[in-house]
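Colleague: Following is a predicted model, sequence given first.
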Amino acid sequence: MTEFIPPGTRHVDLPSPFQTRRDGALHGARMAYETWGRLDADASNAVLILTGLSPDAHAAASADDPSPGWWEAMLGPGKPIDTDRWFVVCVNTLGSCKGSTGPASINPDTGEMYRLEFPPLSVEDCADAAAHVVRALGIDRLACVIGNSMGGMVSLAFLLRHPGLARNHINISGAARALPFSIAIRSLQREAIRLDPNWNGGHYDDATYPESGMRMARKLGVITYRSALEWDGRFGRVRLDSDRQDEDPFGLEFEVESYLEAHARRFVRRFDPNCYLYLSRAMDWFDIGDCLGERGGQNRDGTLDALASIRIEKALVIGVQTDILFPLQQQEEIATGLAQGGVDARFLPLESPQGHDAFLVDIARFGPAIRGFLDQLPTAAG
């Protein structure tokens, strides 16, 4: 599997060794990032974006890479995250295959890909690596951390483990801990990959690649990223025009099936299966209460206590009523916990029909909320 690294990507070396939370260590590791805008002389206008599981650092077009980014409509001059005002940094998460060190990277100790020799990865490790990037860029205190989906988890760990490194926070469709439904879905995704014979205990290559497992994993994910309301509105029960072949009586018949198949095929060769396994499991392991030494993912008081320990000024927590993967009560829990600690925290439930992925596509709803919050923030360090 060849790493897919956008042409505008830059890198920061992590400390060597970089100690991971579950007693592992990485040597010669690096983090990929991109930037937009100009950093003020006092470095007070910096905004950090932390991504979901699969995006790279290329959130928007830039001079180095003019191709559209995954959040193109949200980020840029005059856009909700206005790069005429803000210096924006987006990092590719540790453990990914889009430029940051992960299971698809070369292990300097062996000269071979890490594969399953990569140390166990946690959300907290991703947060620590992102914090190192911020400091390496000469930023002592971010104006805001923005995290969506898995990035919302990483943001909370970032804020708790690195107090004072950010003043404000926007959490979008995030969570303070993994819930059983989400764990169950991700468990099935990992099982689909591991049961593909071509996965071969993590030892595959481009010629013998676990494509079927990755397709199934991606389809499961896409089903949960959107809502039943949207699936019905977009596809209904419309059938494909072509007749089924006699030799494939259970093949694709409905347009929704064709959409999932095409979407999955576009994804499978652009993300490393082992990286997918590691990041997926990291999300399941996450409970911010563990950061305070609390054990047991059902300890809501521990989760709220940890959130209340975060020291920032303002927070906007956005959720979507149709999100089944990170349901709305998880964003309400984040806002409640932050407020208990004295943060000026606002919880904003949106009625978007597009489910968990709404922040990527429903810019008409998300854009004004994000712009309004950022417009209220001072850029002077003060």
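Modeller: The structure has been received and is ready for your questions.
Colleague: what about the helices in the protein?
Modeller: With helices called from DSSP state H, the chain shows them at 123-136, 150-161, 180-194, 211-225, 228-235, 255-268, 273-285, 300-308, 328-340, 358-361, 363-375.
Colleague: what about the first one, average pLDDT?
Modeller: Same thing as helix 123-136. Helix 123-136 carries an average pLDDT of 98.
Colleague: Output the below-cut-off pLDDT ranges for the stretch 201-350 of the chain.
Modeller: 242-247, 293-300 (pLDDT under 70).
Colleague: Do a quick rundown of the strands in the stretch 1-150 of the chain.
Modeller: 10-13, 18-19, 25-26, 30-36, 46-50, 75-76, 81-82, 87-91, 144-148 (DSSP state E, counting those that start in this stretch).
Colleague: so which of those strands gets nearest Ala282?
Modeller: strand 46-50 (13.1 Å; C-beta to C-beta). All C-beta spots, glycine's among them, are computed from the backbone N, C-alpha and C.
Colleague: Taking strand 144-148 as reference, get the angle to that closest one.
Modeller: Taking axes from the mean of the first three to the mean of the last three C-alpha atoms, to 10 degrees, one finds strand 46-50 and strand 144-148 inclined to each other by 20 degrees.
Colleague: and of the helices of the chain, who's closest to Asp84?
Modeller: Using C-beta to C-beta and comparing the helices of the chain, the one that lies nearest Asp84 is helix 363-375, at 11.9 Å.
Colleague: Same question for the closest one: list its buried residues.
Modeller: Ile363, Arg365, Phe366, Gly367, Ala369, Ile370, Arg371, Phe373, Leu374 (16 or more other C-beta atoms under 10 Å).
Colleague: State the pair within those that is farthest apart.
Modeller: Arg365 and Leu374 (15.8 Å).
Colleague: what's the spacing between Ala61 and Ile5?
Modeller: 16 Å (C-beta to C-beta, to the nearest Å).
Colleague: And Gly151, by the same measure?
Modeller: For Gly151 relative to Ile5 (C-beta to C-beta), the value is 19 Å.
Colleague: so who does Ala345 touch?
Modeller: Taking C-beta atoms under 8 Å, 6 or more residues apart in numbering as the criterion, Ala345 is in contact with Lys314, Ala315, Leu316, Val317, Ile334, Ala335, Thr336, Leu338, Ala339.
Colleague: swap the cut-off to 6 Å and go again
Modeller: Contact analysis of Ala345 by C-beta atoms under 6 Å, 6 or more residues apart in numbering lists Ala315, Ala335, Leu338, Ala339.
Colleague: That one and Ser352, how far apart?
Modeller: 21 Å.
Colleague: domains of this protein?
Modeller: Taking automatic domain parsing as the domain assignment, the ranges for the chain are 10-179+285-375, 183-279.
Colleague: tell me the most buried of the ones you listed?
Modeller: Most buried of the domains of the chain, by mean neighbour count (mean count of other C-beta atoms under 10 Å): domain 10-179+285-375, with a mean of 20.
Colleague: for the helices of the chain, which one sits closest to Thr110?
Modeller: helix 273-285 (15.1 Å).
Colleague: C-alpha coordinates for that closest one, CSV please?
Modeller: In CSV, the C-alpha atoms belonging to helix 273-285 read as follows (Å, rounded to 0.1, in the frame of the first residue of the first chain):
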residue,chain,number,x,y,z
PRO,A,273,-6.5,-1.2,6.0
ASN,A,274,-4.2,-1.5,9.0
CYS,A,275,-4.4,2.2,9.6
TYR,A,276,-8.2,1.9,9.5
LEU,A,277,-8.0,-0.8,12.2
TYR,A,278,-5.8,1.2,14.5
LEU,A,279,-7.7,4.4,14.3
SER,A,280,-11.1,2.7,14.6
ARG,A,281,-10.0,0.8,17.7
ALA,A,282,-8.6,4.1,19.2
MET,A,283,-12.0,5.6,19.0
ASP,A,284,-13.6,2.6,20.7
TRP,A,285,-11.1,2.9,23.6
